[in-house]
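Asker: Predicted coordinates and the sequence they were generated for:
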Amino acid sequence: MNIKPDWHQIALKIGESGSHDSLHSAWGVECQRWLNAVSEQFGSDYRVEESPNFSIMSNESPRYIKVFSEFLESKLKQIVRTLDGIASDKGYGKHVAMIFQDIDQYYEYVDMFFPDEGEFGLSSGMYINEGYGHFVFPSQDIDMAEPIAVHELTHACLAHLPIPLWLNEGLAVLMEEVLAGNTLYIDKKVVTRHQNYWNKQTIQDFWSGDSFYSSDEGQRLSYHLAHILTRNISQDYLAFSQFVNNANFEDAGSAASIKYLDYSLEQIVGSFLGEGDWHVDLQLNNMTKMMPSHII
């Protein structure tokens, strides 16, 4: 089996008829074939370990996988509970995590999902929302892997929503803060960096999602700004939930923001960055739904 299968054809082969259990099993079989092919491609010491909700491909020690899989099972429940009415674990087949033994193998794999040309920021992990959604990262100490896993697992639980990238990333880093202790840090120096970087041109890259792939400081500032905005607008959770469930990447969430939050995105950004031209250009034609890397 190809390490980048034609999931559309696989979906047609499996179909949609049958019980939930039978469909779950059928997707599980295809998932195993795929992971076995990836394992063979990257080295004979790779193997696939199973837990109730996860298939983990790695060459880590049994102890590492035991601790990590228990962590994933726990955080999956917490993400769905914390983002009640937003996050979802519905679907067929298990969640997939790939842990590559080094950064070179990691980039060899993820490069298959990027255009041949262009500059992209460095990353320490990625949720790949293409075909059979899965998250990948290079081997690292368990205490470093856990917050990355929370981030990427949050993306997996939001994959059913057509939300803009800034909101998707904002929710992922917010869950890092809530469930993995990665506290949002803001001081005068940080605010100044934001104010110096964002303007009427760069903010369009934020709304479109392009800035999350930037090879300059715009990538890090994009994650930070997304975190700030998402935390600020989530204080009224009922309104926030309605906003997230109706936000669409095609307008960066503009219409849903006005309808459910009673504020425009321009006003929400302006409350942090100050006065400026922060409007969303509705003529943007490069909106993307792919999840970018979680930066180092």
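Answerer: It's in.
Asker: Please enumerate the helices of the stretch 51-200 of the chain.
Answerer: Assigned by DSSP state H, counting those that start in this stretch, the stretch 51-200 of the chain shows helices spanning 62-82, 103-110, 142-158, 165-180, 188-197.
Asker: List the buried residues of the second one.
Answerer: In other words, helix 103-110. Q105, Y106, Y109, V110 (16 or more other CB atoms under 10 Å). All C-beta atoms are positioned from the backbone trio N, CA, C, and that covers glycine.
Asker: Equivalent analysis for stretch 149-160, please.
Answerer: Applying 16+ other CB under 10 Å to stretch 149-160 flags A149, V150, H151, E152, L153, T154, H155, A156, C157, L158, A159 as buried.
Asker: same thing with stretch 73-86?
Answerer: Counting neighbours by 16+ other CB under 10 Å, stretch 73-86 gives K75, L76, I79, V80, T82, L83, I86 as buried.
Asker: can you list contacts of that stretch?
Answerer: For stretch 73-86, contacts defined as CB atoms under 8 Å, 6 or more residues apart in numbering pick out 51-54, 87-89, 95, 146, 149-150, 153-154, 157-158, 161, 171, 175, 178-179, 241, 244-245.
Asker: Among the residues you listed, name the buried ones.
Answerer: 51, 54, 87, 95, 146, 149-150, 153-154, 157-158, 161, 171, 175, 179, 241, 244.
Asker: residue ranges with poor pLDDT in the stretch 51-200 of the chain?
Answerer: Scanning the stretch 51-200 of the chain for pLDDT under 70 picks out 115-122.
Asker: Need the pLDDT of the residue nearest to D205 when sequence neighbours are not counted.
Answerer: Nearest non-adjacent residue to D205, counting by CB to CB, 6 or more residues apart in numbering: S211, 3.9 Å away. Here, the pLDDT recorded for S211 equals 94.
Asker: quick one: N232 from D84, how far?
Answerer: Separation of N232 from D84 (CB to CB, to the nearest Å): 20 Å.
Asker: Also E169?
Answerer: 20 Å.
Asker: again, but for Q9
Answerer: Applying CB to CB, the value for Q9 to D84 is 36 Å.
Asker: Over to D210?
Answerer: 31 Å.
Asker: I'd like to know which elements the longest helix seen in the chain is packed against.
Answerer: Across the chain, the longest stretch assigned as helix under DSSP state H is helix 20-42. With contacts defined as 3 or more CB pairs under 8 Å, 6 or more residues apart in numbering; DSSP states H and E, helix 20-42 has these neighbours: helix 7-14, strand 47-50, strand 54-58, strand 95-100, helix 103-110.
Asker: Need the ones you listed in JSON lines (columns: distance to Q32).
Answerer: Below are the helices and strands packed on helix 20-42 laid out as JSON lines (distance: least, CB to CB, whole Å):
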{"stretch": "helix 7-14", "distance to Q32": "12"}
{"stretch": "strand 47-50", "distance to Q32": "7"}
{"stretch": "strand 54-58", "distance to Q32": "7"}
{"stretch": "strand 95-100", "distance to Q32": "10"}
{"stretch": "helix 103-110", "distance to Q32": "18"}
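Asker: With H194 as the reference, name the closest of these.
Answerer: helix 103-110 (28.2 Å; CB to CB).
Asker: Restricting the selection to alpha carbons, write that closest one to CSV.
Answerer: Taking Å, rounded to 0.1, in the frame of the first residue of the first chain, the C-alpha atoms of helix 103-110 are listed here in CSV:
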residue,chain,number,x,y,z
ILE,A,103,13.7,15.6,12.5
ASP,A,104,15.0,14.5,9.1
GLN,A,105,12.5,11.6,8.8
TYR,A,106,9.8,13.9,10.1
TYR,A,107,10.4,16.5,7.4
GLU,A,108,10.8,13.7,4.8
TYR,A,109,7.2,12.7,5.6
VAL,A,110,5.5,16.0,6.0
